[in-house]
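Peer 1: Got a sequence here, can you build the structure:
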Amino acid sequence: MSTPFDSSGRVDPKAIASNTSRWIARGVRGVVALGSNGEAPLLDETESDAVVAAARDAVPRDRVLLAGTGRESTPMTIAASKRAAALGADALLVRTPSYFKPRMTPDAFVAHYSAVADAVRVPILLYNYPAVTGLTLTPDTVRRLAQHPNIIGIKETSVDAAQIASYVDATQDQDFAVLAGSAPSFFTALGLGAKGAILAAACIVPAACVALFDAFTRGDLITARDLQRRILPIANAVTSGYGVPGLKAALDLTGYVGGAPRMPLLPAAPDAAAAIRNALTPVGEYL
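Peer 2: The predicted structure is shown next:
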C-alpha cells in the first residue's frame, strides 16, 4: 500500500483505513505496509510505527499484514522488526542493506538476516529489489537463508524470469515462498513456481490481480494470460513509468486516497496523470 499524508504532511490513519477497506473488499489476501511504494525510506521511526498501527486496525485478522522493516544496520532492523511485531504485523518484509555495497557479501547477508530472524517472533520475508538497492541476493544465499525456520519467503522485484526460476529451484526442498514483486512478470512468475505476489498495481486494480491469481490457480491459463496483458499498461505506468508519484495519482483517479508524495518526490505532472488515465481503460471493470 501507499502511505497517504494529510494536508499537513502527517501520516493519515483515516485514509489508510479507507483505502485498506476497499482493497480487502476486492479480495486481496493481505496488505504490505511500509514497502517501497509506501515511501518507507522517507518516514521516521515514529511515523513508521503509526503506519503499521493504522494498517493493523484496518486489516482483518483473517488477512495478512506484512510490514517493511529493513534498515541499513542489523540492530536498527531488529529494533524496527520488534516494534512492528508488537504492533501486530503477521510477518516482516526486510529489504537488503545496500549502502556499503562492496561489503554486502553473501556471508554478510546470511549473518544479517539470520540475526533478524533469530531476534523476532514473527516470520521474515527477504526483499530483493536490485533496481533500488543495486544488489541481488544470489540463489545460493537464498538457499542458505531458506533453511532458517523463521525465514519463509522472498519478494523478488524484477521481471527477470531466470532470477525468479533460480530462487524457486534453490528452495524447492524448503517450506519457502517465492513471491513476484513486479506486476509485468506476475503470470510468468506463477508459471515458474512463484506462490503469489506483492504488487503496486494491486493498489489500483486489486480485483484484476486477484482474478489473475485465481484463474492461474484453477488452471484457466487463457483468462490469466488475458488479465496479465490488460494489467500491463497500468503496471508499467505506476512502477517503472512514473513511480510513487504515478501510483498516488492513479489512486486519486480511481477513488482511493493518494495525495502528494513526500519530498523530495514531486507530484506526478499533468501529462503523467493523463497517461495513467489512458492506461486504466483496459481494466475498467476491475476498478
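Peer 1: now the helices for the chain?
Peer 2: 13-25, 45-58, 74-86, 106-119, 130-133, 139-146, 161-170, 186-191, 206-217, 221-236, 243-253, 270-279 (DSSP state H).
Peer 1: For those, give me JSON lines that also has mean neighbour count.
Peer 2: Bear in mind the C-beta positions are built from the backbone N, C-alpha and C, glycine included. JSON lines is the format used below for these (neighbours: other CB atoms under 10 Å):
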{"stretch": "helix 13-25", "mean neighbour count": "18"}
{"stretch": "helix 45-58", "mean neighbour count": "20"}
{"stretch": "helix 74-86", "mean neighbour count": "19"}
{"stretch": "helix 106-119", "mean neighbour count": "17"}
{"stretch": "helix 130-133", "mean neighbour count": "15"}
{"stretch": "helix 139-146", "mean neighbour count": "20"}
{"stretch": "helix 161-170", "mean neighbour count": "19"}
{"stretch": "helix 186-191", "mean neighbour count": "23"}
{"stretch": "helix 206-217", "mean neighbour count": "21"}
{"stretch": "helix 221-236", "mean neighbour count": "19"}
{"stretch": "helix 243-253", "mean neighbour count": "23"}
{"stretch": "helix 270-279", "mean neighbour count": "16"}
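Peer 1: Any idea which of those gets closest to residue 96?
Peer 2: helix 130-133 (5.3 Å; CB to CB).
Peer 1: so can I have a markdown table of the helices of the chain showing distance to residue 95 and mean pLDDT?
Peer 2: Output for the helices of the chain, formatted as a markdown table (distance: least, CB to CB, whole Å; pLDDT from 0 to 100):
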| stretch | distance to residue 95 | mean pLDDT |
| --- | --- | --- |
| helix 13-25 | 21 | 98 |
| helix 45-58 | 13 | 98 |
| helix 74-86 | 9 | 98 |
| helix 106-119 | 11 | 98 |
| helix 130-133 | 7 | 95 |
| helix 139-146 | 14 | 98 |
| helix 161-170 | 16 | 98 |
| helix 186-191 | 19 | 98 |
| helix 206-217 | 22 | 98 |
| helix 221-236 | 21 | 96 |
| helix 243-253 | 15 | 97 |
| helix 270-279 | 26 | 94 |
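Peer 1: and those as a markdown table, adding distance to residue 35?
Peer 2: Formatted as a markdown table, the helices of the chain follow (distance: least, CB to CB, whole Å):
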| stretch | distance to residue 35 |
| --- | --- |
| helix 13-25 | 14 |
| helix 45-58 | 11 |
| helix 74-86 | 12 |
| helix 106-119 | 17 |
| helix 130-133 | 11 |
| helix 139-146 | 19 |
| helix 161-170 | 18 |
| helix 186-191 | 16 |
| helix 206-217 | 15 |
| helix 221-236 | 15 |
| helix 243-253 | 10 |
| helix 270-279 | 20 |
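Peer 1: Great, nothing more from me.
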